[in-house]
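Trainee: Starting from these lines, generate the structure:
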Amino acid sequence: MRDNYSEFKSNVKAVLCILSSDDDPPYFEFKGLFQDVPRQMATKDLVLRKYDLPRDKMYLYFNSVLNLVCGLLGKMRVRPWLLSEELKGDLYVGVDTRPGKVATFTLINSIGDYISEARRAIRGSKMEKDVMRNTIIQLIMENSRILPRARPIHLVVHRDGDVYPSEEQGLEEAISSLRQRKLEVALTLVSIRESTPYRIFKCDNDDLAPCPSGVFVKLSRRMGLLASVGWPLIKQGLARPLLLEVIRNDRPGYDLQDIVREVYHLSFLHWEGIVKKLKIPITIKYADEYAVFAEKEIDIIGPPL
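Mentor: Residues are numbered from 1 along each chain as shown. The predicted structure is shown next:
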């Protein structure tokens, strides 16, 4: 296979691999072999599903095929959908860490398009300031073509989990360094926690019911809960809301409600699932998915779908 791929590599535009199962050992081997081109993995169960399902359940097969095609198109820089209205920020960076292994960063623009990614090795659960500083500078300078002209850049950073002082200091140093390069940056730093003890109920005639998707509860001027999924997407049980905390906000006229609204909008942009809805925004989702490959030092092209 390696010899055939090397021979015809210049003519290969994309690769679709059919595996025996989700945990098939060649999964990461194929990811590494075809890392220079868009590639998508599927299992034989998806192929055989067409012949196993009754006619009234055939929509499950078609949905699976749609998800597969959307994921492959997304990697080929064809976006099945984007936001209809621009977000208020210019650049959105998602940050995730695998403690003791790797920190991953993804870059999204104001219409929800996936732009770039970066990874750095780390020793603990938090990043040292130089890791945050250098990576943010790299992402911005490598994508200077999409920066606004004649006004400050509004950079929104979504950190999965806690934000550590060293990370805040690294961001401050990145802003100072960019200022020396004649680039002014207004920073909004948001901590997004998935695991919380909170639940949101809907009170209906003295009965408690699951809340609909999109409900927001303001806890303070800088903190709130977002039910990014809920009824009718979840028909049983209660979804755990996201806990959003604004750590820093330099942008006048950009408040907690704007931040929550944009996090919710970005949770609709997972191109691998046309009939699915994410709990977290793609800034963090793609950073988390990218970490799986970054741990194994596999570089990818396009979003980690």
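
Trainee: would you list every one of the helices in the stretch 101-250 of the chain?
Mentor: Under the criterion DSSP state H, counting those that start in this stretch, the stretch 101-250 of the chain carries helices at the ranges 129-142, 165-180.

Trainee: Most tightly packed of those helices?
Mentor: helix 129-142 (a mean of 19; mean count of other CB atoms under 10 Å). (C-beta placed from N, C-alpha, C; glycine too.)

Trainee: Buried residues in the one helix or strand Leu46 maps to, which are they?
Mentor: Using DSSP states H and E, Leu46 maps to helix 44-52. For helix 44-52, the neighbour count (16 or more other CB atoms under 10 Å) marks Arg49 as buried.

Trainee: Report the next helix or strand after that helix in sequence order.
Mentor: Defined by DSSP H and E, the subsequent element after helix 44-52 is helix 58-75.

Trainee: For Thr104, see how far away Ser176 is.
Mentor: Applying CB to CB, to the nearest Å, the value for Ser176 to Thr104 is 24 Å.

Trainee: Can you report how many residues lie near Ser195?
Mentor: Using other CB atoms under 10 Å, Ser195 has 8 neighbouring residues.

Trainee: What's the per-residue pLDDT of it here?
Mentor: Note on Ser195: pLDDT of 88.

Trainee: can you check Lys235 too?
Mentor: 64.

Trainee: before we move on, what about Ile115?
Mentor: Value for Ile115, per-residue pLDDT: 94.

Trainee: wait, isn't it in contact with Gly94?
Mentor: No: Ile115 lies out of contact with Gly94 (CB atoms under 8 Å); the separation is 11.3 Å.

Trainee: give me every residue that touches Pro80.
Mentor: Cys70, Leu73, Gly74, Trp271, Ile274 (CB atoms under 8 Å, 6 or more residues apart in numbering).

Trainee: where do the strands sit along the stretch 151-300 of the chain?
Mentor: 153-160, 185-193, 201-204, 207-210, 215-218, 223-227, 242-249 (DSSP state E, counting those that start in this stretch).

Trainee: Can you pull out the low-pLDDT segments for the chain?
Mentor: For the chain, applying pLDDT under 70 flags the ranges 233-237, 274-276, 301.

Trainee: Could you list the domains of it?
Mentor: 2-75, 91-295 (automatic domain parsing).

Trainee: which residues touch His38?
Mentor: For residue 38 the amino acid is Pro, not His. Lys13, Ala14, Val15, Leu72, Lys75, Met76, Ile301, Gly302.
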